[in-house]
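sequence and predicted model, in that order:
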Amino acid sequence: MNPLNQLIEAALFSAARPVTVEELAALDPDASVADARSALDQLRETYDFNQHAVEIVELAGGYQILTRPQFAAALERAQLHIRTPKLTAAALETMAVIAYRQPVGRAEIEEIRGVSAGGVLRTLQERGLIEVVGRSEGMGRPMLYGTTMHFLEMLGLTDLTDLPRADELTIALQPPKPLEPEDDDAEASVPAES
Amino acid sequence: MNPLNQLIEAALFSAARPVTVEELAALDPDASVADARSALDQLRETYDFNQHAVEIVELAGGYQILTRPQFAAALERAQLHIRTPKLTAAALETMAVIAYRQPVGRAEIEEIRGVSAGGVLRTLQERGLIEVVGRSEGMGRPMLYGTTMHFLEMLGLTDLTDLPRADELTIALQPPKPLEPEDDDAEASVPAES
Amino acid sequence: MTHTIQATAPAVPGEGGFVVRLDGFSGPLDLLLHLLREQQLEIADIPIAAIADQFLKTIDELELNEAADYLEMAGRLLRLKVQMLLPRHGDEEGWEDPRAELVRRLLEYQQVKEISLWMEQGIEHRAARLGRGYLPPAPEVPELPLTFELLELLQAVERVIGGIPTPVLHQVVPRPLNVEAATARIEALLRERPRISWLDTLGPKPTLTDVLSTLLALLEMARRGVVWIVQPAPFAPIVIARESTEPIN
């Protein structure tokens, strides 16, 4: 392995989080982003060719070394790693609303889910999955939430466009369809919120 | 690499601590301790022969994959430039409570924030941003926290009166009911999660 | 996701009550979707009357009628039930389906559930790969100063304030619905007179919870066959009668 490959391997190993190709290039003052990219490719090939148990995965806008999925069951049994607690259904739903509506305020989240959201928002914030991204202009200037890099990381996504588009869901509802009681020719508008 | 070597590589990589050779052997029901030991030797050779930036190190009675020492300096430099450590949201909120309510005890902080504060308080103390400024008269004489000089320095303030005069904030930070240190422990209720 | 409703041993023996774990439902919309799915009903054409009754019955059985979120939905459904009973005044064209808003919310929520399921699978899939488990201790360089700015501190203050009302609200709402008391009140009135009006059952200056409690009590009594609930003519006052008396019409 050449020195840049080694340096990049060392960095990916010690970072234990996705590292961007720019950050990797900065390791060596003489290396360009293109150099870092080709070093990544060579490393990836080495891992594949020598059948290492780990591989380089593109994740959350960066690169990370992860174990290959076929070892999941054995590693789960061995329990040598630190496990993160599962998210509750309430937390997942709240995250879903935030992912699609960001930046979004608490009131809107609560309106959509039909339950109060304070506790769940705090949990998600503490787990680094969402963050305050701004404030609304509305009354009381409520905080607006968005998803974090760690959110992408946990879902194994490169960026937010990897989320399924609304029209790919079995129930497509963007924008909400007005309800037509009997006749469909009338261009009825969405009823006002009560 | 043979399957046992792979399994051991995956386990060493993902383990949060050094792994004993017995634990490594237990990964595969058909493997003996001797098998695990020879797999370790093969892995070690692979890393050396292919000049990987990592090596297998015996540590605290177990084995671990670590980056080779010659990359330490470069990685340290890189860390400086990868990110300046930021306070987490939880730490900032805890510090906000302490800044505006000092001297304040842990129970009160937890009551206001609705989550336990032990870990965060320790971090803030280690970082020299808060300190113990006294003890409450209440049961168990809990410690009371306040902000340090370093806290002021970091914010570029001369003294605490330079903090934005936020009467509404100070008032809003009043706990929901008058807080008697005595009944804290008894009533320390975790807010209902929705 | 399966909805398991488990009754566990009574927390307070002798109270006759039982504690219900409701971890299956993540809110009133979830419960409503569950009821619809269970009976394979179309969201777009909800039989409001039937669903409202089932919703009330379920939250009563699960003792959810103390949770404000479920209570609000119960109120909404009852209002819809009444609106659906109102005559439509002939022309169909100007008629706005009172269920439209609820249908929209249910569809929207169903989509949220679908996405959250997708996310759950994504998380599971991703969790099959492990990152490096051992995080090397901070190198022996002079510790980097933690940085933060005044603005961040102030934002944190606001986050803390924003978090306060929720736990307080949860703590101070004491048993908002009291169906038992309402049932007792109606029974007492019916002992004196064979027929009473809806307004009689409410007592003076009823609060919203009084109205809901009374409504729940009446529906339950009607279901048990203890009372008749009759509206002799459209818009006429609703009459509540003892089971033993003949219905008016």
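Arrived safely, thanks for sending.

chain C: helices as residue ranges?
Counting by DSSP state H, the segments of chain C that form helices are C:28-38, C:48-61, C:68-85, C:100-127, C:150-163, C:165-172, C:179-192, C:198-202, C:208-224.

buried stuff in the longest one?
Which is helix C:100-127. Using 16 or more other CB atoms under 10 Å in any protein chain shown as the test for burial, helix C:100-127 gives C:100-116, C:118-120, C:122-123, C:126-127. (Each C-beta comes from the backbone N, C-alpha and C, glycine too.)

repeat that for the last one.
Of the residues in helix C:208-224, those scored as buried under the neighbour-count criterion (16+ other CB under 10 Å) are C:209-221.

that helix close to chain A?
No. Judged by CB under 8 Å from any CB of the partner chain, helix C:208-224 and chain A are separated, with a smallest distance of 15.6 Å.

tell me which of the helices of chain C sits nearest to residue B:159.
Evaluated over the helices of chain C, closeness to residue B:159 peaks at helix C:150-163, with 14.2 Å, by CB to CB.

packing partners for the closest one?
helix A:118-126, strand A:143-147, helix B:89-101, helix B:106-113, helix B:167-172 (3 or more CB pairs under 8 Å, 6 or more residues apart in numbering or on different chains; DSSP states H and E).

pLDDT of the first one, averaged?
The average pLDDT for helix A:118-126 rounds to 88.

the inter-axis angle of the helix or strand just after that helix versus helix B:89-101?
Going down the chain from helix A:118-126, the next helix or strand is strand A:130-135, by DSSP states H and E. Using axes from the mean of the first three to the mean of the last three CA atoms, to 10 degrees, one finds that strand A:130-135 and helix B:89-101 are set 60 degrees apart in direction.

what is strand A:130-135 packed up against?
When contacts are defined as 3+ CB pairs under 8 Å, 6+ apart, strand A:130-135 packs onto helix A:118-126, strand A:143-147.

give me that answer again for 6 Å
Judged by 3 or more CB pairs under 6 Å, 6 or more residues apart in numbering or on different chains; DSSP states H and E, the packing partners of strand A:130-135 are strand A:143-147.

residue C:74: which of the buried residues of helix C:208-224 is nearest?
For those, the nearest to residue C:74 is residue C:212 (6.6 Å; CB to CB).

tally of neighbours for the residue nearest to residue A:50 when sequence neighbours are not counted?
Excluding its sequence neighbours, the residue lying closest to residue A:50 (CB to CB, 6 or more residues apart in numbering or on different chains) is residue B:1, at 6.5 Å. Residue B:1: 16 surrounding residues under other CB atoms under 10 Å in any protein chain shown.

now for the nearest residue to residue C:239 once chain neighbours are set aside, how many residues are close by?
Nearest non-adjacent residue to residue C:239, counting by CB to CB, 6+ apart: residue C:230, 4.9 Å away. Neighbourhood size, residue C:230 [other CB under 10 Å]: 14.

and for residue C:190?
Counted with other CB under 10 Å, the neighbours of residue C:190 add up to 22.

let me know the helix or strand that the residue most central in space within chain A is in.
Taking CA atoms, centre = their mean as the criterion, residue A:152 is the residue nearest the geometric centre of chain A, at 1.5 Å. Here residue A:152 sits within helix A:149-155, counting by DSSP H and E.

with adjacent residues omitted, what lies nearest to residue 132?
Reading this off chain A. residue A:143 (4.8 Å).

not what I meant, chain C
Nearest to residue C:132 is residue A:16, by CB to CB, 6+ apart, at 4.4 Å.

hang on, that neighbour packs against residue C:134?
No. Using CB atoms under 6 Å, residue A:16 makes no contact with residue C:134, being 8.2 Å away.

give me the more crowded residue out of these two.
Neighbour totals were compared for residue A:16 and residue C:134, and residue C:134 leads with 23 against 15 (other CB under 10 Å).

for that one, which residues are in contact?
Contact analysis of residue C:134 by CB atoms under 6 Å, 6 or more residues apart in numbering or on different chains lists residue B:16.

any idea how far residue B:76 is from it?
Distance, residue C:134 to residue B:76, by CB to CB, to the nearest Å: 17 Å.

who's the residue nearest to residue A:132 bridged to?
Following DSSP bridges, residue A:143 is listed with bridge partners residue A:135.

that one - how many residues pack around it?
That count, for residue A:143 with other CB under 10 Å as the rule, works out to 20.

pull the helix or strand containing residue A:45 out as PDB, backbone CA atoms only.
Element membership for residue A:45 (DSSP H and E) is helix A:33-49. Provided in PDB are the C-alpha atoms of helix A:33-49 (Å, rounded to 0.1, in the frame of the first residue of the first chain):
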ATOM      1  CA  VAL A  33      -9.400  15.300  -3.600                       C
ATOM      2  CA  ALA A  34      -9.000  13.100  -6.800                       C
ATOM      3  CA  ASP A  35      -6.000  11.400  -5.200                       C
ATOM      4  CA  ALA A  36      -8.000  10.700  -2.100                       C
ATOM      5  CA  ARG A  37     -10.800   9.300  -4.200                       C
ATOM      6  CA  SER A  38      -8.500   7.000  -6.100                       C
ATOM      7  CA  ALA A  39      -6.900   5.800  -2.800                       C
ATOM      8  CA  LEU A  40     -10.300   5.000  -1.500                       C
ATOM      9  CA  ASP A  41     -11.000   2.900  -4.600                       C
ATOM     10  CA  GLN A  42      -7.700   1.000  -4.200                       C
ATOM     11  CA  LEU A  43      -8.500   0.400  -0.500                       C
ATOM     12  CA  ARG A  44     -11.900  -0.900  -1.400                       C
ATOM     13  CA  GLU A  45     -10.400  -3.200  -4.000                       C
ATOM     14  CA  THR A  46      -7.900  -4.500  -1.500                       C
ATOM     15  CA  TYR A  47     -10.600  -5.300   1.100                       C
ATOM     16  CA  ASP A  48     -12.700  -7.100  -1.500                       C
ATOM     17  CA  PHE A  49      -9.800  -8.900  -3.200                       C
END
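
among the buried residues of helix C:100-127, which are within reach of chain A?
C:100-101, C:103-104, C:107-108, C:110-112, C:114-116, C:118-120, C:122-123, C:126 (CB under 6 Å from any CB of the partner chain).

what about chain A, any weak spots by pLDDT?
Applying pLDDT under 70 to chain A flags the ranges A:166-194.

quick check: residue A:63 vs residue B:116, distance?
35 Å.
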